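Student: Below is the structure, and that's it, no one-letter string:
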Ligand SMILES: Nc1ncnc2c1ncn2[C@@H]1O[C@H](COP(=O)(O)OP(=O)(O)OP(=O)(O)O)[C@@H](O)[C@H]1O
Ligand SMILES: [Mg+2]
């Protein structure tokens, strides 16, 4: 039997937090996306006119959306669970008749919802700069949802692991952002020298962006099946991690 | 005794190696107010944290109304409301929202009338729309109590609930607690204000160094360990206690204007009669006398001091 009221309460609580910080959570990604378009699209785009048959500005749209989704999912979810740990209000969550699954559903659900909404807003923003065409809208949405959920889970883990604000920042800053920039947001892997192409294949973000871009233009660096496989693999790894955290009370219970 | 909480051989060693609880056995009776007394670091909060699911026990077993707190945590926890010792509140949420959130978290359907009653009882109604961070410390503590009561628990843990709450509101709080008890709620509280335990509790448990050293009906405890004092208000000053009275447990008070005799209420013969005649024989005059029972605080201090 599930405590669905608890899931609802956590979800709505987190969404209310999002609404309170709406300006910061929507305006800044939209602004940075616009800047990317101005800088990369206009400046570089005038040099690189086309990649695999689409204009450069259009080419970078899926990568830009992914970039925002990854960073936003992680920062939302990590902050969402870190903050009650920091203020001590986590006591209530721990003393409530809720299972780990319900807690995760509430927090990760809310963080993922926010990321999905944000992803769509950024997509719409991009549409103001370049013409968009989405060949596989269902796949596009699936990738959006899958990535949002996966990286919200990942953020949740970081939020539990972190015992200070620096740690909260360190993984997104030192790991995720570089991986995303190197993950083919702004170029096709095939444009890299052969050695670096092999290295790039160890970057999980490459598979996300590749799959997402495929759903737009049927252009991909790796097979679509591989993309889905890697993303699902990461999702399962995160779920196992979260399950272990709640089973052992890691960083939650003394 | 029909117990609602059974604690058996409960021990807790923190990761730091600190043994906070050492083989605790305790039964809490349904419907009672139980006061847990003990000095700083005795293990009160640790004990409460384990029962409520905030800390893991190292060994031992706890059942709440027959439900094991580990294997059947859902049933156990949904019966319990917890007001922790530290002030932990949200900042940006309103009082109403945070209290309603707690009710949802505990799986109870919405009931605005109940939330309103709780807020009114705790004198928080006129602040229901305030952001929590704009409240004073005492108000925040009451918000935490409101959160714990929002889901209509059958057991309420109050870990030093009146710390930082002023006298007037403290009285109001105790009225709430009494009303809860009247409605069948079991209450376990810790407090450093021993008068509160004395005033509120049905039974008192004393914990020290992670061990329960005594559990008693409050009145029995007072009787069992209570010493009484007989105070003689002297007509003149006395520089020293005369040798002829050396056999009694006497002390001088108030600049030699009072003679204080401490005696055990447990013993058959208190020695008052002979003391009074010996006092007269020594030529000491007094114009008044009174007796007083030692408070729980004194009992408590003497218990904890004993090796
Ligand atoms: N998270 C923790 N990690 C390590 N040691 C702890 C932790 N919490 C409590 N302790 C130790 O366990 C012992 C019992 O602490 P506890 O908080 O249960 O005492 P208490 O009776 O509630 O004291 P107080 O009256 O000061 O609130 C203390 O020695 C304390 O230092
Ligand atoms: Mg304590």
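Tutor: Everything's here; your move. These figures come from a predicted structure and were not determined experimentally. Ligands and ions are numbered 1, 2, ... in the order given.

Student: Get me the contact residues on chain B for ligand 2.
Tutor: B:44-45, B:85 (Cβ under 5 Å from the ion). Bear in mind the C-beta positions are built from the backbone N, C-alpha and C, glycine included.

Student: Out of those, grab the one that's most surrounded.
Tutor: residue B:44 (26 neighbours; other Cβ atoms under 10 Å in any protein chain shown).

Student: residues touching that residue, list them.
Tutor: B:36, B:38, B:159, B:190, B:207 (Cβ atoms under 8 Å, 6 or more residues apart in numbering or on different chains).

Student: Would you mind measuring from the second one to ligand 1?
Tutor: Residue B:38 is 5 Å from ligand 1, where distance means Cβ to the nearest ligand atom, to the nearest Å.

Student: Please name the spatially closest residue to residue 116 (chain neighbours excluded).
Tutor: Using chain A here. residue A:148 (5.0 Å; Cβ to Cβ, 6 or more residues apart in numbering or on different chains).

Student: my bad, chain B
Tutor: residue B:125 (7.0 Å).

Student: mind checking pLDDT for the one you found?
Tutor: pLDDT, residue B:125: 96.

Student: Just to check, it is in contact with residue B:117?
Tutor: No. Using Cβ atoms under 8 Å, residue B:125 is not in contact with residue B:117, being 9.4 Å away.

Student: Report the distance from stretch B:174-183 to the chain centre.
Tutor: With Cα atoms, centre = their mean, to the nearest Å as the basis, stretch B:174-183 stands 15 Å off its chain's centre.

Student: Any buried residues in that stretch, and which?
Tutor: B:174, B:176-177, B:180-181 (16 or more other Cβ atoms under 10 Å in any protein chain shown).

Student: average model confidence for it?
Tutor: 92.

Student: Chain A versus whatever residue of the stretch 151-300 of chain B ends up closest to ligand 2, what's the distance?
Tutor: Nearest residue of the stretch 151-300 of chain B to ligand 2 (Cβ to the ion) works out as residue B:159 at 5.8 Å. According to Cβ to the nearest Cβ, to the nearest Å, residue B:159 stands 10 Å off from chain A.

Student: who touches the closest residue to that residue other than its chain neighbours in this structure?
Tutor: Nearest non-adjacent residue to residue B:159, counting by Cβ to Cβ, 6+ apart: residue B:85, 4.0 Å away. Residue B:85 makes contacts with B:45, B:159-160, B:163, B:190, as judged by Cβ under 8 Å, 6+ apart.

Student: Please apply the same query to residue B:63.
Tutor: B:5-6, B:69, B:76.

Student: and if you look at residue A:156?
Tutor: Applying Cβ under 8 Å, 6+ apart to residue A:156 gives the contacts A:77-78, A:80-81, A:104, A:107-108, A:111, A:242.

Student: Need phi/psi at the residue lying closest to residue B:148 once chain neighbours are set aside.
Tutor: In space, and not counting its chain neighbours, residue B:148 is closest to residue B:81: 3.5 Å by Cβ to Cβ, 6+ apart. Dihedral pair for residue B:81: phi -110, psi 140, per degrees, to the nearest 10.

Student: Equivalent analysis for residue B:18, please.
Tutor: phi -80, psi 120.

Student: Can you tell me the SS state at whichever residue of chain A sits closest to ligand 1?
Tutor: Residue of chain A nearest ligand 1, by Cβ to the nearest ligand atom: residue A:254 (4.2 Å). Taking DSSP: H, G, I helix; E, B strand; the rest coil as the rule, one finds residue A:254 in the coil state.

Student: What about it, how many residues nearby?
Tutor: 15.

Student: same question, residue B:71
Tutor: For residue B:71, the neighbour count with other Cβ under 10 Å is 11.

Student: Tell me which residues touch it, please.
Tutor: Residue B:71 neighbours (Cβ under 8 Å, 6+ apart): none.

Student: Check for me that it belongs to a helix.
Tutor: No. Judged by three-state DSSP, residue B:71 forms no part of a helix; its state is coil.

Student: Within the helices and strands, which one has residue A:148?
Tutor: Following DSSP states H and E, one finds residue A:148 within helix A:137-161.

Student: Since that was my last question, I'll sign off now.
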